[in-house]
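Peer 1: Curious how this folds, go ahead:
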Amino acid sequence: MWSDVETDQDYLNYTEVAELAANLIRQRTLLPISIGIFGGWGSGKSSLLKLVHKELNEREGDRYLHVEFDAWLYQGFDDARAALMEAISARLVEAVEEGSPLGEKVKRFAKRVNYFRVLGLGMDVAATAMGAPTLGAFTAGGAALGRMFSGDGTGEDVGQIKETGKAAKDIASGLVKPGEPVTPPKQIAAFREELSEILENLDKVLVVSIDNLDRCLPTNAIHTLEAVRLFLFVDRTAFIVAADEDMIRFAVTEHYGRLGERHVKDYLDKFIQVPIRVPRLGVAEVRAYMMLLFSSLAVGRDVHEGIRANLQVALRESWSTDEFSSDRYLEGVAGEPRAKLELGFGIATRMARLLARSSHVGGNPRTVKRMLNVVQMRSEIAQRRKMPVDAALIAKVALFERCTDSAATAALYGLINSADAGAPPILMDLEGEEDEEALVKMCADSFGEQHAPFIRDWVRLEPALGGADLRPLVYLSRETLPLASADGALSPAAEKVVRTLLLVKSKNSPGAKGALKALGDEEKAQAMATLTAQLRRTSDWSSAPDGFKGLLILAEETPECGRMARQFIESLQFGKLPGWMNVLVKNQDWYTAE
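Peer 2: As a prediction, this is how the structure comes out:
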């Protein structure tokens, strides 16, 4: 399996983008500079940041001081502005040799960071005294300090900061004793001036990357950006901010209230001079990414690195040719590693087009990796239990789950479970149908019109499923979390039932049981999939959440619903069930069934 962490090994053909960002930073005439790395969830922004730092270090690495700041890490534990300033201060202290003439200047710079931190503490104390929550970010003093950072402060803001600062007098006296008059405007000006002097004396460029900004609450995201503004236009600095652009614009709207679209856009443009968008992966990139994931598990580091380098060259030349053969990447590999590569490369080659073009995946690297992790888990279970299925079959069914929805998946599993020997005739009919229009209609009739184009292409993928006993694949899907979540693809009657089940307070509710009479078995399974998807959002299981009594009612309706309810409870991995839950389910046939 593969971990979901950033890496400086390029699996996504992002090196060219990283080189572009690094070249901007290398150009002395462009400094100071702020660069935005924009992309959606799971698109590879964090890895791209790593690649930029790697690119800078490989050429003139001694020129740069790197600071990697995770804005989300500090949320709820520290003021974002002070945390960023402290991270930069700590890096400067680390860069200055012991006994260096710069030592005193760096220490004085660090004291100014403490000054701003103390000021933030003062705001929290003042808020507490007024009976407000201790969130300095929301006090008047916090807003005033933010305006001072941004250069938009007024005399009134200075007064507000002084007033709130008095509440921290006792705390401040224990942290810092400036030997000079201290006012926020003077401290900010001195802060910027000293930073510039230190970098000039060190002959270094400060490169600060800020990640996970779009995971932060709106206030924390805005405060981090305000801290960046404190450093903007300080010579020899480069800031790289990785974020989902839409999420940051949402944060601006949430924090500042109703703003026009132009003002929201202008706000972000003030911070980011050069926006760079993470490229969306095409078919070739998704195929190469999957091949490299399989390669990383199958062969040693040196062989894997050779495959990666060759694939990267091929991707850079992919604009000029559509020809592709995985055989060239198997040269020099023999035995079991070669067999593993052939299997993995085959899966990648067959599935890449659908994964790149599916609206449910869109070539998203994190989504692709998660799907392959599910394939790996199911393959290991199948191997241990000696099931007659291989990774290619498992991957094909996992692809169906990922690219459709819970209703279509429930329909497929229902067909398999009800068919003789687990071989639904419809699959053989679909695979044998040559007329395009007839095939699309058959797909729509069986699994829903919205999925027909995908399923048309899916049934044509190798390996064929028609005539095979697919019950092991259904069983394996119960062993791991379903890949798809309910997305509203329910009949009106089923939607009404789900709403009722989410509200019932007793498992003997006659209204809920009466409503269920209007549903067929397949609709009940779809309703259960939607209900469990809602319950997965629960974070506190100390008592029964809304909807759990409804789950108990629905679980008694059909064996399939009971199985789905048991699978859901087992997937929560409590170890020992909460007492209230144990009382409710321990004597239920659907829960104790083998």
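Peer 1: can you give me the helices for the stretch 351-500 of the chain?
Peer 2: Counting by DSSP state H, counting those that start in this stretch, the stretch 351-500 of the chain has these helices, from start to end: 365-384, 391-403, 406-418, 425-432, 436-447, 452-458, 471-479, 492-503.
Peer 1: ranking these by burial, who's on top?
Peer 2: Of the helices of the stretch 351-500 of the chain, the one with the most neighbours on average (mean count of other Cβ atoms under 10 Å) is helix 391-403, at a mean of 23. The way it works is simple: take the backbone N, C-alpha and C, and place the C-beta from them, glycine included.
Peer 1: and it, how far from the chain's centre?
Peer 2: 22 Å (Cα atoms, centre = their mean, to the nearest Å).
Peer 1: before we move on, what about stretch 399-412?
Peer 2: Centroid separation for stretch 399-412 versus its chain: 22 Å, with Cα atoms, centre = their mean.
Peer 1: Convert the C-alpha atoms of that stretch to PDB, please.
Peer 2: Provided in PDB are the C-alpha atoms of stretch 399-412 (Å, rounded to 0.1, in the frame of the first residue of the first chain):
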ATOM      1  CA  LEU A 399     -13.200   1.300 -10.600                       C
ATOM      2  CA  PHE A 400     -17.000   0.700 -10.900                       C
ATOM      3  CA  GLU A 401     -17.500   1.700  -7.300                       C
ATOM      4  CA  ARG A 402     -15.300   4.800  -7.600                       C
ATOM      5  CA  CYS A 403     -16.800   6.100 -10.800                       C
ATOM      6  CA  THR A 404     -20.500   5.500 -10.200                       C
ATOM      7  CA  ASP A 405     -22.500   5.800  -6.900                       C
ATOM      8  CA  SER A 406     -23.900   3.700  -4.100                       C
ATOM      9  CA  ALA A 407     -27.100   3.000  -6.000                       C
ATOM     10  CA  ALA A 408     -25.400   1.700  -9.100                       C
ATOM     11  CA  THR A 409     -23.000  -0.300  -6.900                       C
ATOM     12  CA  ALA A 410     -25.900  -1.800  -4.900                       C
ATOM     13  CA  ALA A 411     -27.600  -2.700  -8.200                       C
ATOM     14  CA  LEU A 412     -24.400  -4.500  -9.500                       C
END
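Peer 1: so Ala190 is in which element?
Peer 2: Using DSSP states H and E, the element containing Ala190 is helix 184-202.
Peer 1: list the buried ones in that helix?
Peer 2: 184, 187-188, 190-192, 194-196, 198-199, 202 (16 or more other Cβ atoms under 10 Å).
Peer 1: likewise stretch 55-74?
Peer 2: Quick answer for stretch 55-74 (16+ other Cβ under 10 Å): 55-57, 63-65, 67-72, 74.
Peer 1: Which of those residues sits closest to Arg402?
Peer 2: Trp72 (26.5 Å; Cβ to Cβ).
Peer 1: In terms of helices and strands, where is the closest one?
Peer 2: Element membership for Trp72, per DSSP H and E: helix 71-74.
Peer 1: So what's the gap between that helix and the chain middle?
Peer 2: With Cα atoms, centre = their mean, you get 15 Å for helix 71-74.
Peer 1: who does it touch, helix- and strand-wise?
Peer 2: Applying 3 or more Cβ pairs under 8 Å, 6 or more residues apart in numbering; DSSP states H and E, we find helix 71-74 packed against helix 80-95, strand 205-211, helix 218-231.
Peer 1: mind putting these in TSV, mean pLDDT and mean neighbour count included?
Peer 2: TSV is the format used below for the helices and strands packed on helix 71-74 (pLDDT from 0 to 100; neighbours: other Cβ atoms under 10 Å):
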stretch	mean pLDDT	mean neighbour count
helix 80-95	85	20
strand 205-211	94	23
helix 218-231	83	22
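Peer 1: can you list those in a markdown table and add distance to Thr500?
Peer 2: Supplementary listing: those in a markdown table, determined by distance: least, Cβ to Cβ, whole Å:
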| stretch | distance to Thr500 |
| --- | --- |
| helix 80-95 | 44 |
| strand 205-211 | 44 |
| helix 218-231 | 35 |
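Peer 1: Strands of this structure, residue ranges please.
Peer 2: Assigned by DSSP state E, the chain shows strands spanning 33-38, 64-70, 205-211, 237-243, 274-277.
Peer 1: Save those strands as a markdown table, and put in distance to Pro337 too.
Peer 2: Converted to a markdown table, those look like this (distance: least, Cβ to Cβ, whole Å):
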| stretch | distance to Pro337 |
| --- | --- |
| strand 33-38 | 35 |
| strand 64-70 | 35 |
| strand 205-211 | 35 |
| strand 237-243 | 35 |
| strand 274-277 | 37 |
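Peer 1: The helix holding Ala190 to helix 218-231, inter-axis angle?
Peer 2: If you take axes from the mean of the first three to the mean of the last three Cα atoms, to 10 degrees, helix 184-202 sits at 60 degrees to helix 218-231.
Peer 1: Distance from the chain centre to helix 184-202, please.
Peer 2: Distance, stretch centre to chain centre, for helix 184-202: 36 Å (Cα atoms, centre = their mean).
Peer 1: give me the low-pLDDT residue ranges for the stretch 301-450 of the chain?
Peer 2: For the stretch 301-450 of the chain, no stretch has pLDDT under 70.
Peer 1: now the stretch 1-150 of the chain
Peer 2: Those would be 76-78, 98-99, 115-150, if you go by pLDDT under 70 across the stretch 1-150 of the chain.
Peer 1: Of all pairs in the buried residues of stretch 55-74, which one is the farthest apart?
Peer 2: Arg63 and Trp72 (29.1 Å).
Peer 1: From the rest of the structure, what touches stretch 317-330?
Peer 2: With contact meaning Cβ atoms under 8 Å, 6 or more residues apart in numbering, stretch 317-330 is reached by 284, 287, 291, 295, 307, 310-311, 314, 338, 341-342, 345-346, 348-349.
Peer 1: Which entries within those residues meet the buried criterion?
Peer 2: For the contacts of stretch 317-330, buried by 16+ other Cβ under 10 Å: 284, 287, 291, 295, 307, 311, 314, 341-342, 345-346, 348-349.
Peer 1: Make JSON lines from those and add distance to Gly332 to it.
Peer 2: What follows is the buried ones among the contacts of stretch 317-330, written out as JSON lines (distance: Cβ to Cβ, whole Å):
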{"residue": "Ala284", "distance to Gly332": "23"}
{"residue": "Arg287", "distance to Gly332": "21"}
{"residue": "Met291", "distance to Gly332": "16"}
{"residue": "Ser295", "distance to Gly332": "13"}
{"residue": "Ile307", "distance to Gly332": "10"}
{"residue": "Leu311", "distance to Gly332": "15"}
{"residue": "Ala314", "distance to Gly332": "17"}
{"residue": "Leu341", "distance to Gly332": "11"}
{"residue": "Glu342", "distance to Gly332": "14"}
{"residue": "Phe345", "distance to Gly332": "15"}
{"residue": "Gly346", "distance to Gly332": "19"}
{"residue": "Ala348", "distance to Gly332": "19"}
{"residue": "Thr349", "distance to Gly332": "20"}
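Peer 1: hmm, which two among these are most spread apart?
Peer 2: By the measure Cβ to Cβ, Ala284 and Glu342 form the most distant pair in the buried ones among the contacts of stretch 317-330, at 19.4 Å.
Peer 1: so Ala512 sits right up against Leu502, yeah?
Peer 2: No - counting by Cβ atoms under 8 Å, Ala512 does not reach Leu502; the two are 10.0 Å apart.
Peer 1: overlap in contacts of the two?
Peer 2: Gly550.
Peer 1: Now do the same for Asp521: its pLDDT.
Peer 2: In this model, Asp521 is scored at 85, pLDDT.
Peer 1: How is this structure divided into domains?
Peer 2: Here the domain assignment for the chain is 15-277, 283-479, 492-592, based on automatic domain parsing.
Peer 1: Can you lay out the ones you listed as TSV showing distance to Gln9?
Peer 2: Supplementary listing: the domains of the chain in TSV, determined by distance: least, Cβ to Cβ, whole Å:
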stretch	distance to Gln9
domain 15-277	8
domain 283-479	7
domain 492-592	31
